[in-house]
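Peer 1: how does the following fold in three dimensions:
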Amino acid sequence: MASAWEEAAEEPRQALASALGAATARAAEIVPGSAALLLTADGAEQSSRLRAAAGLASPEEAREIASSLMPLVGDVMQSTARQSRPGNANLAPAAGGGILGVPLKGEQACHGVLLVLCPTEPTLQVADIMSHLADSAALRIDHEAALARLRDLESGQHTRVRHDDEKSDEILKLSEALFAQDIELLRSQEKLGTVQKLKSDFIEKMSRELRTPLNSIIEAIISVLAGENEQLSEAAKGSLRCALDEGTALLRTLQNILDLWRLKQSELPISNQEVNFREVVEEAIFSVQDTLGDKPVAIEKRIVEPLPKVRADLAKVNQILFLLLDNAAKFIETGRIEISVEVKDDELHCCIDDTGIGICADDREYIFEEFFQVDDTASSTYRGAGLGLTLVRDLLILLDGEIDLASEIGRGTRVSFRIPVQLV
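Peer 2: As a prediction, the model looks like this:
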């Protein structure tokens, strides 16, 4: 049976593990689509141990990446200075833009390294934020070490019973040091909160500042085209329609970025209302016509009767279906896209089946990751920011739904989702 001192010692260790995990998760959230690993020095074995990871598919992948980056970890530990390496998409999709190694510099030693895999080249501002996160993690490690030393001293006093002035002085000094570290931790958390707020404000402002003039441009183009100006040649009208399509696509991308950010901050509320899913399907089919263009592709519907009206979040259901249908339309050159819909067991089931290019097995593992593109060739041929499927996944998580994907190269892709609904 564990003693009271053993139980007391376990709580700070768990708190430290939780704090290191939270710091790693926050590092992975700074740049959308990135991943992070935190390793600490193992003094007994003169090596580094993986303590936390975020933004990766599995613990096994995290361990493999950590093993591959041990030379960088060693360099950072030895120099106690921030270092970077060129992007390496073969290591992980998140590492395509660059890899940062940031030291966890404690009061008397370097405790470990925070590794950040970035899908785009990390800016100086991003690197500075990572350094601040690493400093906070190092402070927590120092704090736990001081607590452990204090517990050892107090435990010794309890077992010896007699008062030891020298040990009491050391305990007092450690207590003062812990108090100072507590103050520093609070300041560190306050700074991180400020950074997070600045980031949130920036994304909101960027979205607003870009969307407002873009909306004006789109409205002006629509006004000119609707006016049937006889002075406009067919070539000019074609150019305006092309500009309208491009502007609308950019507006959707901006909205996707903003929605994805709000989802991560838990700032996208659910608003249920009566939904006629037949109308949702028709609207989605109409909206993807620009993506299809003049491709010889047929869109078919298969609705299992009866299809009652339901209560759900109309805007989010609309967005999910459009994004999935738009993705299917983007990656098909000829053939068909079929939408199947039914309501059963208080769930809305929907399936989008296409005869497009398909997805290979290696890519299916990452297809819902932010900014992921199947390959460089596809990125240039099939335009997009790589956020649509990520947003679909996160919206379905918000709605307590599920998504499944099956695909075969050259045969097509089937994506199905289901969400709980209330029958009207």
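
Peer 1: relative to residue 54, how far out is residue 113?
Peer 2: In this view, residue 113 and residue 54 are 15 Å apart by C-beta to C-beta, to the nearest Å. No exception for glycine: its C-beta is placed from N, CA and C like everyone else's.

Peer 1: the two - which one has more neighbours?
Peer 2: residue 113 (29 against 20; other C-beta atoms under 10 Å).

Peer 1: CA atoms of the helix or strand that contains that one as CSV?
Peer 2: Using DSSP states H and E, residue 113 sits in strand 110-118. Only the C-alpha atoms of strand 110-118 are listed here, as CSV (Å, rounded to 0.1, in the frame of the first residue of the first chain):
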residue,chain,number,x,y,z
CYS,A,110,18.6,22.2,-20.5
HIS,A,111,15.7,19.9,-19.6
GLY,A,112,14.8,18.9,-23.1
VAL,A,113,13.6,20.0,-26.6
LEU,A,114,10.3,21.1,-28.1
LEU,A,115,10.1,20.0,-31.7
VAL,A,116,7.6,21.7,-34.0
LEU,A,117,6.8,20.4,-37.5
CYS,A,118,5.4,23.2,-39.6
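
Peer 1: please shift the residue numbers so they start at 19 in all later answers.
Peer 2: That works, and once the first residue is 19, the last one we named lands at strand 128-136.

Peer 1: buried sites along that strand?
Peer 2: Within strand 128-136, the residues that count as buried by 16 or more other C-beta atoms under 10 Å are 128-136.

Peer 1: stretch 357-372 now?
Peer 2: Within stretch 357-372, judged by 16+ other C-beta under 10 Å, the buried ones are 357-361, 366, 368-372.

Peer 1: and which of the residues you listed is nearest to residue 321?
Peer 2: Proximity of the buried residues of stretch 357-372 to residue 321 (C-beta to C-beta) peaks at residue 359, which lies at 5.1 Å.

Peer 1: so that closest one: helix, strand or coil?
Peer 2: strand (DSSP: H, G, I helix; E, B strand; the rest coil).

Peer 1: which parts of this protein are helices?
Peer 2: 22-48, 77-86, 88-97, 142-178, 183-244, 252-282, 295-305, 307-310, 332-348, 379-382, 394-399, 406-416 (DSSP state H).

Peer 1: lowest mean pLDDT across the ones you listed, which one is that?
Peer 2: Within the helices of the chain, confidence is poorest for helix 394-399, with a mean of 48 (mean pLDDT).

Peer 1: can you pull the contacts of residue 98?
Peer 2: Taking C-beta atoms under 8 Å, 6 or more residues apart in numbering, we find residue 98 in contact with 121, 123, 128.

Peer 1: how big is the angle separating the strand holding residue 131 from helix 88-97?
Peer 2: Orientation of strand 128-136 against helix 88-97 (axes from the mean of the first three to the mean of the last three C-alpha atoms, to 10 degrees) gives an angle of 130 degrees.

Peer 1: so what strands line up beside strand 128-136?
Peer 2: Sheet pairing of strand 128-136 (DSSP bridges) gives strand 53-60 (antiparallel), strand 116-123 (antiparallel).

Peer 1: now render the ones you listed as CSV, adding mean pLDDT.
Peer 2: Converted to CSV, the strands paired with strand 128-136 look like this (pLDDT from 0 to 100):
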stretch, mean pLDDT
strand 53-60, 90
strand 116-123, 93
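
Peer 1: for residue 387, which of the ones you listed is the nearest?
Peer 2: Between the strands paired with strand 128-136, strand 53-60 lies closest to residue 387; by C-beta to C-beta that is 9.1 Å.

Peer 1: and that closest one, what's buried?
Peer 2: 53-59.

Peer 1: closest to residue 408 among these?
Peer 2: Among those, and counting by C-beta to C-beta, the member closest to residue 408 is residue 53, at 13.8 Å.

Peer 1: skipping its backbone neighbours, what lies nearest that closest one in space?
Peer 2: Among residues not flanking residue 53 along the chain, residue 73 sits closest, at 3.2 Å (C-beta to C-beta, 6 or more residues apart in numbering).

Peer 1: distance check, residue 364 against residue 163.
Peer 2: Per C-beta to C-beta, residue 364 is found 53 Å from residue 163.

Peer 1: next, the contact list for the residue nearest to residue 411 when sequence neighbours are not counted, please.
Peer 2: If the residues on either side of it in the chain are set aside, residue 411 comes closest to residue 386, at 4.5 Å by C-beta to C-beta, 6+ apart. Going by C-beta under 8 Å, 6+ apart, residue 386 touches 407-408, 410-411, 421.

Peer 1: ok so, going back, so how far is residue 80 from the residue nearest to residue 53?
Peer 2: From residue 73 to residue 80 the distance is 9 Å (C-beta to C-beta).

Peer 1: try residue 36
Peer 2: 17 Å.

Peer 1: which one's more surrounded, these two?
Peer 2: Higher neighbour count among residue 36 and residue 80: residue 80, with 22 against 12, using other C-beta under 10 Å.

Peer 1: wait, that one sits on residue 57?
Peer 2: No - counting by C-beta atoms under 8 Å, residue 80 sits too far from residue 57 to count as a contact (10.3 Å).

Peer 1: distance check, residue 295 against residue 277.
Peer 2: On the measure of C-beta to C-beta, residue 295 and residue 277 end up 21 Å apart.

Peer 1: cool, and residue 136?
Peer 2: Taken as C-beta to C-beta, the span from residue 136 to residue 277 is 22 Å.

Peer 1: what about the residue nearest to residue 336 when sequence neighbours are not counted, neighbour count?
Peer 2: Among residues not flanking residue 336 along the chain, residue 298 sits closest, at 5.7 Å (C-beta to C-beta, 6+ apart). Neighbour count of residue 298, defined by other C-beta under 10 Å: 20.
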